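In: Please work out how this folds:
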Amino acid sequence: MGKGVIWARAEDLARNRGRVLSLYRQLLRSLNSRELPLTWAARLSKKAEVRAIFSVASEERSLHNISDLIDVAEYSLSLLRQGQLPKFPL
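Out: Purely as a prediction, here's the structure:
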């Protein structure tokens, strides 16, 4: 990411793409954990929420917003792996 640049260039988007896709898949897999206190319908709802967030974020071009998405996804993933649900929407 270039210094002083606010908007992402094609290189920046390509660099973050693999990481974002990996986090997306890990979040969806983590929601299937039996340690989470979720019913089947609640699991489907949370998965739909993750899909919606990432589909809207796929249009994002701001470097700061992309890094915020990655930070929130990593934090949520760490909570899900501990068997806890994030207090705020994923």
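In: When you work out contacts or count neighbours from here on, use the C-alpha atoms and nothing else.
Out: Will do.
In: what comes up buried for the strand or helix carrying residue 65?
Out: Using DSSP states H and E, residue 65 sits within helix 63-81. Residues 63, 66, 69, 70, 73, 74, 76, 77, 78, 80, 81 are the ones in helix 63-81 that count as buried (16 or more other CA atoms under 10 Å).
In: Distance to residue 49 and pLDDT for the residues you listed - can I get that in TSV?
Out: Output for the buried residues of helix 63-81, formatted as TSV (distance: CA to CA, whole Å; pLDDT from 0 to 100):
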residue	distance to residue 49	pLDDT
63	23	79
66	18	83
69	14	87
70	16	89
73	12	91
74	16	93
76	13	92
77	14	93
78	18	94
80	15	92
81	18	92
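In: ok, so of those, who is nearest residue 42?
Out: The nearest member of those to residue 42, counting by CA to CA, is residue 80 at 14.2 Å.
In: List the residues that contact the closest one.
Out: 27, 30, 31, 36, 86 (CA atoms under 8 Å, 6 or more residues apart in numbering).
In: Which of the residues you listed sits closest to residue 52?
Out: residue 27 (12.8 Å).
In: Assign that closest one to helix, strand or coil.
Out: With DSSP: H, G, I helix; E, B strand; the rest coil as the basis, residue 27 sits in helix.
In: Which residue, neighbours along the chain excluded, lies closest to it?
Out: In space, and not counting its chain neighbours, residue 27 is closest to residue 77: 5.9 Å by CA to CA, 6 or more residues apart in numbering.
In: these two touch, right, the one you found and residue 31?
Out: No. Using CA atoms under 8 Å, residue 77 is not in contact with residue 31; the gap is 9.3 Å.
In: Looks to me like residue 44 is in a strand.
Out: No. Secondary structure assignment (three-state DSSP) places residue 44 in helix, not in a strand.
In: What separation do you get for it and residue 25?
Out: As judged by CA to CA, to the nearest Å, residue 44 and residue 25 stand 15 Å apart.
In: Report the central residue of the protein.
Out: In the chain, the residue lying closest to the centroid (CA atoms, centre = their mean) is residue 73, at 3.7 Å.
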